[in-house]
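**Student:** pasted the sequence and its predicted model underneath.
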Amino acid sequence: MRPRIVIVAVAAALGSVAGCGGDAGGSAVPTPSASQRITVTSTAFTENGTVPRRYTCDGEDVSPPLTFAGVPANAGDLVVLLDDPDAPHGTFTHWLMWGVPPQDTRLKAGESPRGAIQGRNGFKKAGYGGPCPPKGAAPHRYVLSVYATDRRLTLAGDASPDDVRRALTGHTLASGTLTGRYGR
């Protein structure tokens with residue numbers, strides 16, 4: 001009977017490890033999930049479309065205009081993350097912003113809403129850092145994720161993407177994504 005208990009325990013442990021996910025950088029912070037969907041759109045590019053040069057390191061390097069539909073009425077905060085899952089050394093975060101008032105469902109290009117906090121991106125700077133893949137590489141995907149939380153997030157101004165994801169765990173009401181592509 002004892003060998004069977006060991007096999008079940010090993011199978012359960014392997015199943016929990018396999019479900020954690022993470023990036024090539026070794027992060028084991030799960031991606032927050034939600035049952036409700038937010039529709040994220042931009043007048044600058046469509047889903048899987050090319051991100052215009054203006055919003056990249058080759059242009060003005062400003063955030064694109066964004067619209068969020070389907071934000072729950074009881075949301076306490078909106079969180080915005082822009083990640084490049086195709087970066088050579090694992091997922092690279094280009095933008096993380098939290099404290100966005102849930103009624104601010106339209107952001108103009110380069111806009112940071114009043115009260116929003118922009119955390120430290122992969123460039124080690126606060127704020128938006130546009131798509132900037134290596135020259136000559138195939139176009140990268142840039143996944144812009146928006147999360148509606150059930151409360152205001154209280155994080156340090158230099159919070160990392162993993163800090164933000166941990167704070168979202170168990171507090172995400174709705175989420176949505178918009179993916180753009182850019183190559184150089």
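**Tutor:** Sure, I can see it.

**Student:** so Ala174, which of the three states?
**Tutor:** At Ala174 the chain is in strand, as set by DSSP: H, G, I helix; E, B strand; the rest coil.

**Student:** show me what it is bridged to.
**Tutor:** Gln36, Ala148 (DSSP bridges).

**Student:** show the contacting residues for the residue nearest to Cys57 when sequence neighbours are not counted.
**Tutor:** Nearest non-adjacent residue to Cys57, counting by Cβ to Cβ, 6 or more residues apart in numbering: Cys132, 3.5 Å away. Just so you know, the C-beta spots here come from the backbone N, C-alpha and C atoms, and that holds for glycine as well. Contact partners of Cys132, counting by Cβ atoms under 8 Å, 6 or more residues apart in numbering, are 56-58, 94, 184.

**Student:** look up how far Ser112 lies from Cys132.
**Tutor:** Per Cβ to Cβ, to the nearest Å, Cys132 is found 20 Å from Ser112.

**Student:** so which residue is smack in the middle of the chain?
**Tutor:** By Cα atoms, centre = their mean, the chain has its centre lying nearest to Leu81, at 2.9 Å.

**Student:** could you find the closest non-adjacent residue to that one?
**Tutor:** Distances taken as Cβ to Cβ, 6+ apart place Ser145 nearest to Leu81, at 4.7 Å, with adjacent residues excluded.

**Student:** so what's Pro30 scoring on pLDDT?
**Tutor:** Per-residue pLDDT puts Pro30 at 54.

**Student:** ugh, wrong one, I meant Ala9
**Tutor:** Ala9 carries a pLDDT value of 36.

**Student:** so, low pLDDT: which residues of this structure?
**Tutor:** Along the chain, segments meeting pLDDT under 70 span 1-34.

**Student:** show me where it has its strands.
**Tutor:** For the chain, applying DSSP state E gives strands covering 36-37, 39-41, 49-50, 66-69, 77-84, 92-100, 106-107, 117-118, 140-149, 172-182.
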